[in-house]
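Asks: curious how this folds, go ahead:
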Amino acid sequence: MDGINVFGQQISLCSKDPLTGYYRTGCCETGPDDLGTHTVCAVMTVAFLEFSKSRGNDLMTPIPAYGFPGLKAGDQWCLCARRWLEAHESKVAPSIILEATNEKTLEIIPLEILIDYSIRKK
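Replies: The predicted structure follows:
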């Protein structure tokens with residue numbers, strides 16, 4: 001697993017409630033088995049959640065069998081970098097927390113774009 005953020009520092013926690021991350025550690029860590037590159041710590045918005053649902057990934061509906069509570073606006077979640085970029089191109093990308101966004105994101109999204117959406121961790 002890779003725990004370095006876009007600044008080359010130890011990655012910060014994205015969310016424990018709801019518990020996020022490909023490995024469900026609360027951090028946007030990644031590894032070779034994470035084919036979706038779940039590395040962007042984003043703050044959910046209604047616009048993004050509706051966009052994701054329209055693309056076939058309903059993040060709002062709970063799936064109890066997988067311990068997934070469903071997301072709502074304001075929740076912090078480790079998103080797939082390519083889905084976040086797709087949302088950016090469609091003008092519905094949510095804000096992100098750079099300190100909690102994995103450096104692997106930079107292989108897909110330039111830092112200059114990420115900075116434009118950056119907010120500080122609560």
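
Asks: in contact with the residue nearest to residue 99 when sequence neighbours are not counted, which residues?
Replies: Closest residue in space to residue 99, ignoring its immediate chain neighbours: residue 12 at 4.1 Å, by C-beta to C-beta, 6 or more residues apart in numbering. Using the backbone N, CA and C atoms, a C-beta is placed for each residue, glycine as well. When contacts are counted by C-beta atoms under 8 Å, 6 or more residues apart in numbering, residue 12 touches 5, 27, 41, 97, 99, 100, 121.

Asks: quick one: pLDDT of residue 12?
Replies: Residue 12 is assigned a predicted lDDT (pLDDT) of 96.

Asks: before we move on, the earlier item: now for the contacts of residue 12: which two are most distant?
Replies: Largest separation among these by C-beta to C-beta: 27 and 121, giving 12.0 Å.

Asks: of these two, who's got more company?
Replies: residue 27 (26 against 14; other C-beta atoms under 10 Å).

Asks: which parts of the protein are strands?
Replies: Under the criterion DSSP state E, the chain contains strands at 38-43, 76-80, 96-97, 118-119.

Asks: can you list the neighbours in contact with the helix or strand of the chain with the lowest mean pLDDT?
Replies: Ranked by mean pLDDT, DSSP states H and E, the weakest helix or strand in the chain is strand 118-119, scoring a mean of 92. With contacts defined as C-beta under 8 Å, 6+ apart, strand 118-119 is touched by 43, 95, 96, 97, 98.
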